[in-house]
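Trainee: Can you look at this prediction? I've put the sequence above it.
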Amino acid sequence: MNNEAEHNDQPSADRGEGRPGSGKKHRGHRSRRRHGDAQAQHPADKRGPAPAEGSTAAPAAPLAAKRAQAPRAQAPKPQAPQAPRPQAPRPRPPKPQAPLPAAPKIPTLQSFAVNADTLAALAAFPALLDDALPLAQKHRQELGHTIRSLWEDLTSEKEHRASEYLGTPAYYSAYARYFLPWNIIRLSSIFSSLPLALADGASIADFGSGPLTIPIALYLARPDLRSTNLTLYCVDKTERVLEIGQTIFESLAVKLSGALPPWKLVPLRQQFGDHLPERVDLLAEANMFNEFFWKSKAPLGVRATMTARQLLGYLKDSGSVFLMEPGDPRSGSFISAVRAALISFGASPVAPCPHEFSCPMPGIFNSLSAPGWDAAPSGSSPLPEVVMPKRREKYPWCHFTIGTDAAPAWLKALSDDAGLSKEKLVFSYLLSAIPEGTPLARKQPMDRSLLRVVSEAFPLPGGKEGRYGCSAEGYSLVSYTPSSAAFASGDLIRRPAGVSAGPIVPRSAMPVAKPFQERQRGGRDRDRGYGRDADRDREGFGNRASSPRDGRKPSPRHHEEKRQAPPDKGKDLDEKSGGIIVSY
């Protein structure tokens, strides 16, 4: 029985007494069960029989009996007092500290980027191609197989390929839907920051134009040129593919800008070496030389010299040359060789090279001349020596990498269907220009503090990252902490303050040409997969003089180059790669 209910004379609404399911009913029920009451009473009978009318006696007996049955509560035992537990001192709130200084931002002078217009155009590409180049259902189902077949043809030995491989409908449909958009991404990423000198009324010659790949990429990547009056000579051996390219170009221009630009497109069914209507301000090509350049039996340096003569023959007195080739070792070596040949004729490298000295990433290229061949310009002298990678059979070649995350989903799916999934795009490129005035006049000083980041990132000890790059002092290892700096392949940056870059060299004091004449070992080595004639181009690597440590008697050229070497001696060199360590 609940004792509290005994002394509550009046029902309490708060406790719910007298109502079915109230708390008092349940407490009384538990009390009777606890004390062993055999008799169950209605809640209304809890107080026993009512006293007789007029009687003053209180019903104390039943209450006393029940109290007697209830166990007496025992008094709690006294407990010994306990000593207070020692409490740990409360930690003091930290003192307010000044915020850490922000990581120094490394300014990027040039970088690869695909702009929004290019991405928007590529997203609309399938619909534009279906209008300009309808594809039958049968050919659409076989598109992945056709793309794969064309890719195998383009990457095979070049002498076995038909000269007009884009003449068949299946192949030019596959090229326009797969190779064209991927090349637009490559080119537009370069064009976005490329210092092109194209004033109003300028002319461009695009050799190996195909479906007008370069004009389309230039229009998408450079909105600043869309209102410039330009004349573009689009040169290709296949007339049909030029017509398709012009239709695509006009459709994209109208879709993006609502009107055609003041660009005069002149399709020419010709090839490299043929006569043009006029000399041009810019000669451009993309992936053309890798298709026929290597058919020649001449050494690489000799072929490069003859090619440079042809390139410059198309230009005005202050024109420029743009080349882009696949990023494989052989194409990178071709770019390095043509760069050296153009320098020998007075055309200075503008990009990606941050200097006009010897190339520290020449691949299999070694010299502009070879025994029995007389193609190098007369009166040439060697360029200043640079720091090279550690001596090896094949030096690194200059090539760049960009990601494919921004590529449209339809293009990635098509690549997967053809078995040609792409996680990155690689290429080698060169922009060389004839300075204004006479070709040999170099009046402005060369900025030797520039550095071009080339390779992808790789881990270094101590939580750092590294990338290989190129500077006026040569092969460089860029070392940085990812939390304080972030670089990408192709970035043009300045070396940190306090790092000596040597004196500023006036261009007028620089030698005009370099023969790259180097010792030639007898015999003929195997190509090892980088071109059937590469064995004639690998030996010596004339960018670096012979050393007494090679076990050979030093030549007079060795001493000559030692005297004009740039002040890179005594720099910190990476033990593994041989490059100059540049830390950020």
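Mentor: Sure thing, it's come through. Numbers count the residues shown, from 1 in each chain.
Trainee: can you give me the helices in the stretch 251-400 of the chain?
Mentor: 289-292, 300-313, 329-344 (DSSP state H, counting those that start in this stretch).
Trainee: the inter-axis angle of the last one versus helix 300-313?
Mentor: Angular relation of helix 329-344 and helix 300-313 on a 0 to 180 degree scale: 60 degrees, by axes from the mean of the first three to the mean of the last three Cα atoms, to 10 degrees.
Trainee: For N183, which three-state class applies?
Mentor: helix (DSSP: H, G, I helix; E, B strand; the rest coil).
Trainee: show me what contacts it?
Mentor: T213, A217, A286, N287 (Cβ atoms under 8 Å, 6 or more residues apart in numbering). The C-beta positions use only the backbone N, C-alpha and C, and glycine is treated the same way.
Trainee: Just checking, which of these comes out lowest on pLDDT?
Mentor: Lowest pLDDT within those is found at N287 (93).
Trainee: Based on its surroundings, how many neighbours for the residue lying closest to D206 once chain neighbours are set aside?
Mentor: Leaving aside its chain neighbours, D206 sits nearest to I214 (4.6 Å; criterion: Cβ to Cβ, 6 or more residues apart in numbering). When neighbours are counted by other Cβ atoms under 10 Å, I214 registers 27.
Trainee: what sits against I214?
Mentor: L187, I204, D206, A284, E285, A286.
Trainee: Pull up the distance across stretch 182-200, start to finish.
Mentor: Terminal residues of stretch 182-200 lie 29 Å apart, using Cα to Cα, to the nearest Å.
Trainee: For that stretch, what does the pLDDT average out to?
Mentor: 95.
Trainee: May I see the buried residues of it?
Mentor: By neighbour count on 16 or more other Cβ atoms under 10 Å, the buried set for stretch 182-200 is 182-194, 196, 198.
Trainee: Y233 looks like it's in a helix, true?
Mentor: No: with three-state DSSP as the criterion, Y233 is strand rather than part of a helix.
Trainee: beta partners for it?
Mentor: A205, V266 (DSSP bridges).
Trainee: Give the burial count for it, as a bare number.
Mentor: 22.
Trainee: right, and it touches D206 too?
Mentor: Yes: at 6.8 Å, Y233 counts as touching D206 under the criterion of Cβ atoms under 8 Å.
Trainee: what's the farthest-apart pair in the contacts of N183?
Mentor: Across the contacts of N183, the longest distance by Cβ to Cβ is 12.2 Å; it joins A217 and N287.
Trainee: So which of those two has more stuff around it?
Mentor: A217 (26 against 20).
Trainee: Contact partners for F365?
Mentor: Neighbours of F365 in contact, by Cβ under 8 Å, 6+ apart: L300, G301, A304, S333, F334, S336, A337, A340, C359, D537, F541.
Trainee: Toward the C-terminus from the one helix or strand in the chain whose mean pLDDT sits lowest, list the very next helix or strand.
Mentor: Counting by mean pLDDT, DSSP states H and E, the chain has its least confident helix or strand at helix 556-563, which shows a mean of 31. Under the assignment DSSP states H and E, the closest C-terminal helix or strand after helix 556-563 is strand 580-583.
Trainee: any idea which of the contacts of N183 is the one closest to K390?
Mentor: Once Cβ to Cβ is applied, the member of those that ends up nearest K390 is N287, at 31.5 Å.
Trainee: how close does W182 get to R448?
Mentor: 36 Å (Cβ to Cβ, to the nearest Å).
Trainee: now do P326
Mentor: According to Cβ to Cβ, P326 and R448 sit 31 Å apart.
Trainee: Over to A472?
Mentor: 4 Å.
Trainee: and if you look at V266?
Mentor: Taken as Cβ to Cβ, the span from V266 to R448 is 41 Å.
Trainee: who's more crowded, these two?
Mentor: R448 (21 against 13).
Trainee: does that one count as helix, strand or coil?
Mentor: Going by three-state DSSP: R448 is coil.
Trainee: quick thing: my sequence starts at 624, can you match it?
Mentor: New numbering, starting at 624: the last item is R1071.
Trainee: List phi and psi for it.
Mentor: phi -90, psi 10 (degrees, to the nearest 10).
Trainee: so it sits right up against E979, yeah?
Mentor: No: under the criterion of Cβ under 8 Å, R1071 is not in contact with E979, lying 10.5 Å apart.
Trainee: and E1079, how many neighbours?
Mentor: 13.
Trainee: now it, nearest residue through space, not along the chain?
Mentor: Nearest one to E1079, counting by Cβ to Cβ, 6+ apart, is T1024 at 5.4 Å.
Trainee: Could you identify the helix or strand that succeeds whichever helix or strand the one you found is part of?
Mentor: Here T1024, judged by DSSP H and E, is contained in strand 1023-1026. Next helix or strand after strand 1023-1026 toward the C-terminus (DSSP H and E): helix 1032-1040.
Trainee: what does that following helix contact?
Mentor: 745, 748-749, 766-767, 770, 800-801, 804-805, 1027, 1044-1045.
Trainee: Filter these down to the buried ones and hand me the PyMOL line.
Mentor: Those of the contacts of helix 1032-1040 that count as buried under 16+ other Cβ under 10 Å are selected in PyMOL with:
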select buried, resi 745+748+766+767+770+800+801+804+805
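Trainee: picking up where we left off before, who are the neighbours of the strand holding T1024, in terms of helices and strands?
Mentor: helix 803-814, strand 1047-1056 (3 or more Cβ pairs under 8 Å, 6 or more residues apart in numbering; DSSP states H and E).
Trainee: Rebuild the ones you listed as CSV, extending it with distance to Y1018.
Mentor: Converted to CSV, those look like this (distance: least, Cβ to Cβ, whole Å):
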stretch, distance to Y1018
helix 803-814, 23
strand 1047-1056, 14
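Trainee: Pretty sure A743 sits in a helix.
Mentor: Yes: counting by three-state DSSP, A743 is part of a helix.
Trainee: State the number of residues packed around L1083.
Mentor: Around L1083 there are 17 residues (other Cβ under 10 Å).
Trainee: ok, now D897?
Mentor: So D897, with other Cβ under 10 Å, has 11 neighbours.
Trainee: mind listing what it touches?
Mentor: Counting by Cβ under 8 Å, 6+ apart, D897 has contacts V858, L891.
Trainee: same thing but at 10 Å, please
Mentor: F830, V858, K860, L891 (Cβ atoms under 10 Å, 6 or more residues apart in numbering).
Trainee: Next: W886.
Mentor: Neighbours of W886 in contact, by Cβ under 10 Å, 6+ apart: 827, 838, 841-842, 848-855, 872, 876.
Trainee: Kindly reformat those as a markdown table and extend each row with neighbour count and secondary structure.
Mentor: Below are the contacts of W886 laid out as a markdown table (neighbours: other Cβ atoms under 10 Å; DSSP: H, G, I helix; E, B strand; the rest coil):
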| residue | neighbour count | secondary structure |
| --- | --- | --- |
| I827 | 22 | strand |
| P838 | 24 | helix |
| L841 | 27 | helix |
| Y842 | 26 | helix |
| L848 | 17 | helix |
| R849 | 19 | coil |
| S850 | 11 | coil |
| T851 | 15 | coil |
| N852 | 12 | coil |
| L853 | 23 | strand |
| T854 | 18 | strand |
| L855 | 25 | strand |
| F872 | 24 | helix |
| A876 | 20 | helix |
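Trainee: Flag every buried residue along the longest strand along the chain.
Mentor: Longest strand of the chain, by residue count under DSSP state E: strand 938-949. Buried residues in strand 938-949, counting neighbours by 16+ other Cβ under 10 Å, are found at L938, G942, S943, V944, F945, L946, M947, E948, P949.
Trainee: Let's test this: mean pLDDT of that strand, rounded?
Mentor: 94.
Trainee: Paired strands for it, with orientation please.
Mentor: strand 903-909 (parallel), strand 1047-1056 (antiparallel).
Trainee: between the longest one and helix 803-814, what angle do the directions make?
Mentor: Right, strand 1047-1056. Using the same axes, to 10 degrees: strand 1047-1056 against helix 803-814 is 50 degrees.
Trainee: Noted, bye for now.
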